[in-house]
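S.K.: Based on what follows, work out the 3D shape:
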Amino acid sequence: MKTHYLGELDELVLLAVGVLHDEAYAYAIKQLVKAQAKRTVALPTIHAALYRLENRGFLRSTLGGATAERGGRRKRLFRITNAGLQILRDVQATRARMWGLMREIQPLGGLR
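M.R.: As a prediction, this is how the structure comes out:
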């Protein structure tokens, strides 16, 4: 079985798609990542992550309807696939196991 890994940005983008559900398009994802993760990510970086995740089978995209506020352009909407949901569950389980193994953190003397 092939093991899949997610980088932090890909994980955040995949989670954002899951949260936004039917309204998951690049700009909305960018705004959600900024609001929830306190990370400012350039729109081209979001696009690159979305296409990378789609190529790996974790997302599927369709074109939405054209809107006047977008000058008649259509939005590319993303949906999480079963494989995408499974990789997120795997990541969550791995993080929970690691946190469970960690002892209480004692800061080094004098360091903040």
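S.K.: count of neighbours near I105?
M.R.: 5 (other C-beta atoms under 10 Å). C-beta: built from backbone N, CA, C; applies to glycine.
S.K.: got the phi/psi numbers for it?
M.R.: Dihedral pair for I105: phi -80, psi 130, per degrees, to the nearest 10.
S.K.: For it, give its distance to R70.
M.R.: Between I105 and R70 the computed distance is 47 Å (C-beta to C-beta, to the nearest Å).
S.K.: now swap in Q106 and tell me
M.R.: Separation of Q106 from R70 (C-beta to C-beta): 53 Å.
S.K.: between those two, who's got more neighbours?
M.R.: Neighbour totals were compared for Q106 and R70, and R70 leads with 13 against 6 (other C-beta under 10 Å).
S.K.: what about that one, distance to L6?
M.R.: Taking C-beta to C-beta, one finds R70 at 30 Å from L6.
S.K.: Residues contacting the lowest-mean-pLDDT helix or strand in the chain, please?
M.R.: Counting by mean pLDDT, DSSP states H and E, the weakest-scoring helix or strand in the chain turns out to be strand 59-66, with a mean of 90. Contact with strand 59-66 is made by 14, 17, 25, 50, 53-54, 72-81, 84, as judged by C-beta atoms under 8 Å, 6 or more residues apart in numbering.
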